[in-house]
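1. From the sequence below, what's the structure:
(one chain, ligands or ions: 1)
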Amino acid sequence: MTRKPLIAGNWKMHKLLADAVSTALELKSLVANVTHCDIAIAPVFVHLKTLAERLEGSNIKIAAQNCSTETKHSAHTGEVAADMLKDIGVSYVIIGHSERRQYYCETDEMVNKKIKAALAAGLKAIVCVGETLSEREEGKLFEVVGRQLKFGLEGLTKNDMERIIIAYEPVWAIGTGKTATPDQAQQMHEFIRKNLAETHGIETAESTKILYGGSVKPENIKDLMEEPDIDGALVGGASLEASSFAQIINYR
Ligand code: 13P
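-> The predicted structure follows:
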C-alpha cells in the first residue's frame with residue numbers, strides 16, 4: 001500500500017493578513033512543481049477565505065485549525081461550523097490539537113463530535129493525538145494515545161475513515177526544538193496503525209495517513225520520512241517561512 005504523503009503547515013495564531021498572503025504566494029511558487037506529496041497550510045480563521053482564493057488552482061490546499069462541535073446554524077457565539085469552512089474553500093480541518101486540549105479544555109468527546117461535524121460537511125479531518133512528557137516518563141504513552149484514538153474515532157465507519165488523517169504530536173516535542181527521534185516516532189506510528197487495524201480493519205489501517213508533528217525542520221524531515229509508518233508531517237514554527245517550509249516539502 002502506498003500512501004501519498006501530506007505535509008501540512010499549522011500557522012497557529014501567527015501573521016497579519018498581508019504577511020499570510022505573501023508567505024502563501026511565495027510558497028506557491030516554490031512548490032509549484034511538487035507532485036510527490038499533498039500540501040496544506042492552516043492559517044487563522046479570518047485569513048482562510050482570502051488564502052483559499054489566492055491559492056485556488058494551485059497544489060496547496062487550505063486547512064482550518066478548529067471547527068465547532070455543532071452542525072446546526074444556531075446560537076453559539078464565537079463558533080464556526082464546519083460547513084461554513086467548506087463553503088469558503090477549506091479542504092481540511094485540524095481537530096484536537098494538544099494546544100486546544102490543554103488551553104481550551106477540549107475532551108475526546110468534543111474531538112469526536114468535531115470530527116463528525118467536519119466529515120458531514122465534506123472536509124477531511126487531521127486528528128491530533130500525543131502524550132505529554134510526564135505521561136511518557138510514566139510509561140503511559142501508548143495508553144494515552146490508545147484512549148485518544150478509541151474515544152476520538154468512536155463510531156466512525158470505514159467510509160468515514162477514508163477522510164481521516166492522524167497526526168501524532170508528542171506534546172513535549174511541540175515548539176521545544178526537541179524532535180522525537182525517527183525511532184520513537186516510528187514506534188508510536190506503528191502502534192497507531194495496529195490500533196486502527198483492530199478498531200477499523202486492516203484495509204483502513206493500511207490506507208490511513210499518519211503524520212508526525214513536533215519540531216519538524218528541514219534538517220530532520222528526511223530521516224523521519226524514511227520510517228515506514230510516517231506518512232508526512234504537521235509542521236508548526238518551520239512552516240511560517242515559505243523557504244523553510246518549501247525545504248521540508250522537498251525533503252527528498
Ligand atoms: P512545532 O513544529 O513548532 O513544534 O509545532 C508542531 C505543531 O504543533 C504542529 O501542529
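
2. K15 is in contact with S22, isn't it?
-> No: K15 is not in contact with S22 according to CB atoms under 8 Å; the separation is 9.4 Å. Heads up, the C-betas are built off the backbone N, CA and C, glycines and all.

3. So for those two, which residue has more residues nearby?
-> Shown here are K15 and S22; by other CB atoms under 10 Å, K15 has more neighbours (17 against 13).

4. Show the contacting residues for the more buried one.
-> Neighbouring residues of K15 by CB atoms under 8 Å, 6 or more residues apart in numbering: T23, P43, V44, H47, L240.

5. pLDDT wise, what is M1 at?
-> M1 is assigned 68 on the pLDDT scale.

6. and the strand or helix carrying V93, does that touch the ligand?
-> Take DSSP states H and E as the rule and V93 turns out to sit in strand 92-95. No: against the ligand, strand 92-95 shows no contacts by CB under 6 Å from any ligand atom, the least distance being 6.8 Å.

7. could you point out which element follows that strand?
-> Next element after strand 92-95 (DSSP H and E): helix 98-103.

8. Give me the pLDDT for K72.
-> 98.

9. The closest residue to it other than its chain neighbours: how many residues sit nearby?
-> Nearest residue to K72, sequence neighbours excluded (CB to CB, 6 or more residues apart in numbering): A81, at 7.9 Å. Using other CB under 10 Å, A81 has 21 neighbouring residues.

10. got it, and Q148?
-> 23.

11. now do the one 5 residues further on
-> By other CB under 10 Å, the residues close to L153 number 24.

12. From the contacts of K15, list the ones also adjacent to the ligand.
-> With the criterion set as CB under 6 Å from any ligand atom, no member of the contacts of K15 is near the ligand.

13. Name the residues of the stretch 1-150 of the chain found near the ligand, please.
-> By the rule CB under 6 Å from any ligand atom, the part of the stretch 1-150 of the chain lying against the ligand is N10, H97.

14. Single out the residue in the stretch 1-150 of the chain that lies closest to the ligand.
-> Nearest residue of the stretch 1-150 of the chain to the ligand: N10, at 3.6 Å (CB to the nearest ligand atom).

15. Thanks a lot, see you next time.
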